[in-house]
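*Asks:* Sequence plus the predicted model coming up.
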Amino acid sequence: MSTLLPEGYTLRAMGPLDLRQCLDITRRIQWAHRGEDWAQAFRVTRGVVIQSQGRVIGTAVACIKGMFSSIGLIAIDPDFQRRGLGRHLTKAVLDLATQNVSLVATAEGRGLYESLGFKENGTILQLMLSPGDSASRPVEPRSSLRVARTEDSDDIHRLYRLATGAYSQSLLDDLLAVADAVWVVPGRDQEITGFCIVRPFGRGAVVGPIVGQTVEVAVDLIRASMHHFPQTTLRVDVNNNAAFSDALLALGFRTAGSGTRMFLGAPPLRDHAVCQFSLISQALL
Ligand SMILES: CC(C)(COP(=O)(O)OP(=O)(O)OC[C@H]1O[C@@H](n2cnc3c(N)ncnc32)[C@H](O)[C@@H]1OP(=O)(O)O)[C@@H](O)C(=O)NCCC(=O)NCCS
């Protein structure tokens, strides 16, 4: 890390003892992460922190996926913003990443990333459904989804790699390990053609990633989540897909925020026969 910081600040690798203070920062900016969400991010990424007088005041992580990376959880404590620290932090986390990097920018972060060479690559819509939001709950899924079995693991990994073009085995294994539910879409011959992972996150559960061949199948995976978790607030980060977000709004979801998908270098090459309809999270993509 070659970045020169203003006097009084230190930039260093994130360690497990930092997680409590990282959580404090994201709470202060009203992000929904729990301690468990930070612990998971720490397991599957490399992170940096900025420290001032022994206190962590900035965080950022990079998730390495072969030749590609995603960066996220870039946050400066509100008392320390607009002093140039966010720029130092982002450059430092880029030093940990590969050359080709994706992220989801907030309105506050977008100018910073543009100035570092990131280009826009679509919109992420954050949709939420709280218990009681939808008149139509509970909703029966329409197709023949089934609960994932251990032997589906290779297919799930293969589909995720095809749909994203940017793949980390340890990331997907970690998501599967903490999942509350994993549904798969059986194809004609034994193989599966889609899946979704539901895991606890923030104030409820995230339905993501959702991977499949059609919007109809992706909506069905959402209906399964609604049906099985009627008392849980569900969050879906829709990956640049208006037809899918319109279908979720019709099911009772509401828009809770949005972000700009951006990349530096080359975007991953993906197989267009299968699509990632929702993100794991805005940091892990
Ligand atoms: C985005 C964030 C990390 C920037 O950190 P920072 O230390 O305040 O940023 P810096 O002082 O290094 O400024 C970097 C650039 O971002 C711009 N910027 C900073 N805060 C901004 C804001 N609130 N709105 C718009 N632009 C902003 C500045 O204009 C600056 O450009 P300049 O160097 O040409 O003047 C910080 O505002 C933050 O933590 N926000 C809340 C969490 C968030 O949105 N994170 C981004 C996730 S993708």
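*Replies:* That came in fine, so what should we check first? Note that the structure is a prediction, hence the values are computed from the model and not measured.

*Asks:* Could you find the closest non-adjacent residue to P267?
*Replies:* N121 (6.1 Å; C-beta to C-beta, 6 or more residues apart in numbering). No exception for glycine: its C-beta is placed from N, CA and C like everyone else's.

*Asks:* Next, count neighbours for that neighbour.
*Replies:* 14 (other C-beta atoms under 10 Å).

*Asks:* from what I can see it touches R261, true?
*Replies:* Yes. Between N121 and R261 there is a contact at 4.7 Å, judged by C-beta atoms under 8 Å.

*Asks:* Going by secondary structure, the residue in the stretch 1-150 of the chain that the ligand sits nearest to is in what exactly?
*Replies:* Closest contact between the stretch 1-150 of the chain and the ligand, by C-beta to the nearest ligand atom, is at G86 (2.1 Å). Assigned by DSSP states H and E, G86 belongs to helix 85-96.

*Asks:* And that helix, what's buried?
*Replies:* 85-86, 88-94, 96 (16 or more other C-beta atoms under 10 Å).

*Asks:* same question, stretch 246-253
*Replies:* Those would be 247-248, 251-253, for stretch 246-253 by 16+ other C-beta under 10 Å.

*Asks:* Pull the most distant pair out of those residues.
*Replies:* Within the buried residues of stretch 246-253, A247 and G252 form the most distant pair, 11.0 Å apart (C-beta to C-beta).

*Asks:* Other residues contacting the top helix by length along the chain?
*Replies:* If you go by DSSP state H, the chain has its longest helix at helix 215-228. Identification of contacts with helix 215-228 by C-beta atoms under 8 Å, 6 or more residues apart in numbering yields 129, 134, 137-143, 145, 181, 183, 185, 193-196, 198, 205, 207, 210, 212, 234, 236, 241, 243-244, 247-248, 251, 275, 277-278.

*Asks:* pLDDT for the buried residues of helix 85-96 - can I get that in a markdown table?
*Replies:* Shown next, in a markdown table, are the buried residues of helix 85-96 (pLDDT from 0 to 100):
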| residue | pLDDT |
| --- | --- |
| L85 | 97 |
| G86 | 98 |
| H88 | 97 |
| L89 | 98 |
| T90 | 98 |
| K91 | 97 |
| A92 | 97 |
| V93 | 98 |
| L94 | 98 |
| L96 | 97 |
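
*Asks:* now those residues as a markdown table including distance to P230?
*Replies:* Shown next, in a markdown table, are the buried residues of helix 85-96 (distance: C-beta to C-beta, whole Å):
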| residue | distance to P230 |
| --- | --- |
| L85 | 43 |
| G86 | 40 |
| H88 | 45 |
| L89 | 40 |
| T90 | 40 |
| K91 | 45 |
| A92 | 43 |
| V93 | 39 |
| L94 | 42 |
| L96 | 41 |
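
*Asks:* Kindly state the domain boundaries assigned to the chain.
*Replies:* Listed by automatic domain parsing, the domain ranges of the chain are 9-98, 125-278.

*Asks:* weakest of these by average pLDDT?
*Replies:* Ranked by mean pLDDT, the domains of the chain end with domain 125-278 at the bottom, a mean of 93.

*Asks:* Now do the end-to-end distance for that domain.
*Replies:* Its first and final residues considered, domain 125-278 spans 9 Å by C-alpha to C-alpha, to the nearest Å.

*Asks:* Stretch 61-79 now?
*Replies:* So stretch 61-79: terminal residues 21 Å apart, C-alpha to C-alpha.

*Asks:* Please, where are all the helices along the stretch 1-150 of the chain?
*Replies:* 19-28, 35-44, 85-96, 107-115 (DSSP state H, counting those that start in this stretch).

*Asks:* what does the stretch 101-250 of the chain put close to the ligand?
*Replies:* 103, 105-106, 108-109, 111-112, 115 (C-beta under 6 Å from any ligand atom).

*Asks:* Try it again at 8 Å.
*Replies:* Residues of the stretch 101-250 of the chain lying close to the ligand by C-beta under 8 Å from any ligand atom are 103-113, 115.
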